[in-house]
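Enquirer: Got a predicted structure plus its sequence, pasted below:
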Amino acid sequence: MKTYAFGVDIGGTTVKIGLFTTSGTMVDKWEIPTRTENNGENVLPDISASIREHLASRSIDSELVEGIGVGVPGPVGDDNTVYKCVNLGWGVFNVKDRMNALLPEIPNVAAGNDANVAALGELWQGGAKSHKSAVMFTLGTGVGGGVVMNENIVAGTNGGAGEVGHITVEPNETIPCGCGKYGCLEQYASANGIVHLAKTMLEKCDKPSQLREMETFTSKDICDLAREGEEMACAILDKCGSYLGRAMSYVSCAIDPEVYVIGGGMSRAGAVLTDSIEKYYKKYAFHVSANTKIVVAQLGNDAGMYGCVKMIL
């Protein structure tokens, strides 16, 4: 095993790049802009140039680099082929082949979906450390997910494994999800979804709430009030937790992981959310899986970089 490795987490606005030792220690990290013009044709060349410049600035020979892991915001197959990334303007191509042409001195390249590699990162050095299998639910602007079994990412035939945000949890929903379906988990458990859920619940009852006094409110406002014990805010998070717990119970019937990891901005709600998830998970789960651990992610925005490194080790 060589000394160093790079983890590259591509986002719609910035690319996060981390230099790691192959034992799992982050040595340095930095960001570069994600240039999405011209169908994102500059993204991988910019990454390659930045890595080459960083190696030179630290006087590190490329022979000491084990490889580069790349997290992509879209579906990626087991062969490193990305199947379109709308946010980047990418079509279908093989990330490893493209990076090898740009940076031939570091031939070991692996690519994965960004949520999947974040799950792998949490399994390797984060909240799920010491486990072999995990499913991550990332509660942010949307609801993402990642599946890791026996320390390997499960991408699925079309790169669609781990799309837990689009599990149907409310079949009677009349408003479409961004994906075009109705009643997806993302419509109730994302930062935007829980605001919509709160507005719906506030309309249907007359319980007092500070949320009614706000011209606009966010998921953070709901979580803050719930932590303070406000009854309506707690009820909203309880409903959100019921959807999450149910979705996890479905996943367990197919995958039965050792641990679930809750990440993303919504995870900052803490016990007021995770206790609710656990309550409903136990209610809906098949009995042999009912005691599966539910933990909060620990690596924050760095999880993807850690997972990218683990992919190539």
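Expert: Now that the structure is in, tell me what you want to look at. Residues are numbered from 1 along each chain as shown.
Enquirer: buried set for stretch 113-130?
Expert: Within stretch 113-130, the residues scored as buried using 16 or more other CB atoms under 10 Å are 113-128. Yep, even glycine has a C-beta here, placed from its N, CA and C like the rest.
Enquirer: do the same with stretch 84-101
Expert: Buried residues in stretch 84-101, counted by 16+ other CB under 10 Å: 85, 88, 90, 94-96, 98-100.
Enquirer: In strands, which of the buried residues of stretch 113-130 fall?
Expert: In strands, judged by DSSP state E, the following of these are found: residue 113.
Enquirer: Kindly indicate which of the buried residues of stretch 113-130 lies nearest residue 279.
Expert: residue 127 (19.7 Å; CB to CB).
Enquirer: I'd say residue 91 and residue 39 touch.
Expert: Yes - A contact is recorded between residue 91 and residue 39 when judged using CB atoms under 8 Å, the distance being 7.2 Å.
Enquirer: which among the buried residues of stretch 113-130 gets closest to residue 67?
Expert: Using CB to CB, the shortest approach to residue 67 within those belongs to residue 117, at 13.6 Å.
Enquirer: Enumerate every residue touching the closest one.
Expert: If you count contacts by CB atoms under 8 Å, 6 or more residues apart in numbering, residue 117 has them with 9, 69, 71, 146, 153, 303-304, 307-308, 310-311.
Enquirer: Check residue 169 too.
Expert: The contact partners of residue 169, taken as CB under 8 Å, 6+ apart, are 183-185, 188, 243, 246-247.
Enquirer: where are the low-confidence patches of this structure?
Expert: Within the chain, the set of residues satisfying pLDDT under 70 is empty.
Enquirer: Do a quick rundown of the helices in it.
Expert: Taking DSSP state H to define them, one finds helices in the chain at 37-40, 43-57, 95-102, 114-125, 186-189, 191-204, 219-227, 231-254, 271-284, 303-312.
Enquirer: Can you add distance to residue 297 and give those helices back as a markdown table?
Expert: Written out in a markdown table, the entries for the helices of the chain read as follows (distance: least, CB to CB, whole Å):
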| stretch | distance to residue 297 |
| --- | --- |
| helix 37-40 | 28 |
| helix 43-57 | 25 |
| helix 95-102 | 25 |
| helix 114-125 | 5 |
| helix 186-189 | 15 |
| helix 191-204 | 15 |
| helix 219-227 | 16 |
| helix 231-254 | 14 |
| helix 271-284 | 11 |
| helix 303-312 | 6 |
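Enquirer: So for residue 26, which of the ones you listed sits nearest?
Expert: Distances from residue 26 to each of the helices of the chain were compared using CB to CB; the shortest belongs to helix 303-312, at 7.4 Å.
Enquirer: Of the helices of the chain, which is nearest residue 22?
Expert: Nearest to residue 22, of the helices of the chain and by CB to CB, is helix 303-312 at 7.7 Å.
Enquirer: Can you give the contact residues for that closest one?
Expert: The list of residues contacting helix 303-312 from outside it, by CB under 8 Å, 6+ apart, reads 5-9, 16-18, 20, 22, 24, 26, 29, 66-71, 108-110, 112, 114, 116-126, 151, 153, 263, 297, 299.
Enquirer: what do you get if the cut-off is 6 Å, keeping everything else the same?
Expert: Applying CB atoms under 6 Å, 6 or more residues apart in numbering, the set of residues contacting helix 303-312 from outside is 5, 7-9, 16, 18, 20, 67, 69, 71, 108, 110, 112, 114, 117-118, 120-122, 124-125, 299.
Enquirer: got the CA positions of that helix in PDB?
Expert: What follows is the C-alpha trace of helix 303-312 in PDB, where atoms were taken according to Å, rounded to 0.1, in the frame of the first residue of the first chain:
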ATOM      1  CA  ALA A 303     -17.800  12.000   4.600                       C
ATOM      2  CA  GLY A 304     -17.800  11.900   0.900                       C
ATOM      3  CA  MET A 305     -14.000  12.500   0.700                       C
ATOM      4  CA  TYR A 306     -13.300   9.800   3.200                       C
ATOM      5  CA  GLY A 307     -15.600   7.400   1.300                       C
ATOM      6  CA  CYS A 308     -13.800   8.200  -2.000                       C
ATOM      7  CA  VAL A 309     -10.500   7.300  -0.500                       C
ATOM      8  CA  LYS A 310     -11.900   4.100   1.000                       C
ATOM      9  CA  MET A 311     -13.100   3.100  -2.500                       C
ATOM     10  CA  ILE A 312      -9.700   2.900  -4.000                       C
END
